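Asker: Quick one, structure for this:
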Amino acid sequence: MVQEEYPPPTIAPDYESLWDINTRGQEMWYRFDNWTGDWGNPALLEFRITPYVGLAYFDDTNDGNYRDSRPPVTTVENFNLVPPGTYPNLFDPTGNEIGNFMPAFPFVVDGTGLAGGTVILEMVSADHCHVMGASPIPGSNPLGIYFDLSAPPPPYVPALPQEEKLLSEYGKVFFYFWEAIDPVTSTVVANGYITPHCDTNDAAYWTNTGVNVALPNGAVADLYFNYIPGSSDNSHEIVLETGIFPSLVNFSHVVGGFTYNYEVELITYSTPGPSMSVLSLKIVP
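Answerer: Model prediction:
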């Protein structure tokens, strides 16, 4: 598949973003790397990843009527007019039209490079968010792994077709729960939540939505979106408030008396090459 290139949509000085309601429909590339060594390397760790998916954009009014903010503004779904149970994950839990995050089925980037193993996993599809499938990519995603919402843990329920459709058109991954696993002992040696860095304290770019959310680690976060009244460059993208989850984590693991140092990082970028979100685990000095 040819990776299309787009102008770098730098929303804020510290945040180069893929998500913009005005360019919704462009290819969205997600990439996952495990650079901890080949099979047999004592430093090798498996990288297990659980994405949390939600609606990526806010229309400036939390009234249950979810709108596409591009002129002319149109209703995408009016949650107030559908029976309870129509959106058991995306609306019913809070009654808010945004901030309802669903965990996808975890997948493993095992770092071995062997047949059936993965060092780099790339994910793309014709959809805005890859919850209904992904295009097989020889060498980096031959099985077409995607953000599978069919079997989430309680209290979530499997996503209904209308939830998958809405997320496929207007969703994104907000954050991940990652686990670094010793492949010999199956021990989880480190884990945590991670999200891209974005300074929501910068009022020149970010406005509080007035919606806060309870996150799976027990934290409560305000949601911000890229909207400044009078600006023609608003992307309407939603992000978590600064400081809730890190974008970079370091940890160590001892094998055979030797200490190995690792780094987990989540970045988004638009240049060089295609717009992409990259979550990586690697050895560092």
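
Asker: Going by C-alpha atoms from here, please, whenever you check contacts or count neighbours.
Answerer: Noted.

Asker: For the helix or strand residue 280 falls within, name the packing helices and strands.
Answerer: Assessed by DSSP states H and E, residue 280 sits inside strand 276-284. If contacts are counted by 3 or more Cα pairs under 8 Å, 6 or more residues apart in numbering; DSSP states H and E, strand 276-284 sits against strand 29-35, strand 258-269.

Asker: okay, the ones you listed, which one's buried deepest?
Answerer: Among these, strand 29-35 has the highest mean neighbour count (mean count of other Cα atoms under 10 Å), at a mean of 22.

Asker: now the angle from that strand to strand 276-284?
Answerer: Here the directions of strand 29-35 and strand 276-284 differ by 10 degrees (axes from the mean of the first three to the mean of the last three Cα atoms, to 10 degrees).

Asker: Strand partners (parallel or antiparallel) of the next helix or strand after strand 29-35?
Answerer: Going down the chain from strand 29-35, the next helix or strand is strand 46-55, by DSSP H and E. If you go by DSSP bridges, strand 46-55 pairs up with strand 102-103 (antiparallel), strand 107-109 (antiparallel), strand 171-181 (antiparallel).

Asker: So which bits of the longest one are buried?
Answerer: Read that as strand 171-181. 171-181 (16 or more other Cα atoms under 10 Å).

Asker: any low-confidence regions in the stretch 101-250 of the chain?
Answerer: Counting by pLDDT under 70, the stretch 101-250 of the chain has low-confidence residues at 115-116.

Asker: what about the strands in it?
Answerer: 102-103, 107-109, 120-123, 171-181, 188-194, 207-214, 220-225, 238-240, 248-255 (DSSP state E, counting those that start in this stretch).

Asker: what's around residue 13, how many residues?
Answerer: 10 (other Cα atoms under 10 Å).

Asker: residue contacts, it?
Answerer: Listed by Cα atoms under 8 Å, 6 or more residues apart in numbering, residue 13 has no contact partners.

Asker: on that earlier part again, got the contact list for the strand holding residue 280?
Answerer: 18, 28-36, 47, 260-270.

Asker: between the helices and strands packed on strand 276-284, which gets nearest to residue 113?
Answerer: Among the helices and strands packed on strand 276-284, the nearest to residue 113 by Cα to Cα is strand 29-35 (9.6 Å).

Asker: Grab the CA positions of that closest one and hand them over as CSV.
Answerer: Only the C-alpha atoms of strand 29-35 are listed here, as CSV (Å, rounded to 0.1, in the frame of the first residue of the first chain):
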residue,chain,number,x,y,z
TRP,A,29,-1.1,5.2,10.2
TYR,A,30,-0.4,3.6,13.5
ARG,A,31,3.0,1.9,14.2
PHE,A,32,4.3,-0.2,17.0
ASP,A,33,8.0,-1.1,17.4
ASN,A,34,9.9,-3.5,19.7
TRP,A,35,13.6,-3.0,19.4
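
Asker: Next, the angle from that strand to strand 258-269.
Answerer: Using the same axes, to 10 degrees: strand 29-35 against strand 258-269 is 170 degrees.

Asker: on that earlier part again, tabulate the buried residues of strand 171-181 (a markdown table), appending distance to residue 117.
Answerer: Listed next are the buried residues of strand 171-181 as a markdown table, based on distance: Cα to Cα, whole Å:
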| residue | distance to residue 117 |
| --- | --- |
| 171 | 28 |
| 172 | 26 |
| 173 | 23 |
| 174 | 26 |
| 175 | 24 |
| 176 | 21 |
| 177 | 20 |
| 178 | 18 |
| 179 | 17 |
| 180 | 15 |
| 181 | 15 |
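
Asker: any idea which of those residues is closest to residue 249?
Answerer: residue 178 (10.7 Å).

Asker: give the contact list for that closest one.
Answerer: Taking Cα under 8 Å, 6+ apart, one finds 47-50, 191-194 in contact with residue 178.

Asker: Please tell me how far the residue lying farthest from the centre of the chain sits from residue 12.
Answerer: Within the chain, the residue lying farthest from the chain centre (Cα atoms, centre = their mean) is residue 257, at 35.9 Å. Applying Cα to Cα, to the nearest Å, the value for residue 257 to residue 12 is 44 Å.
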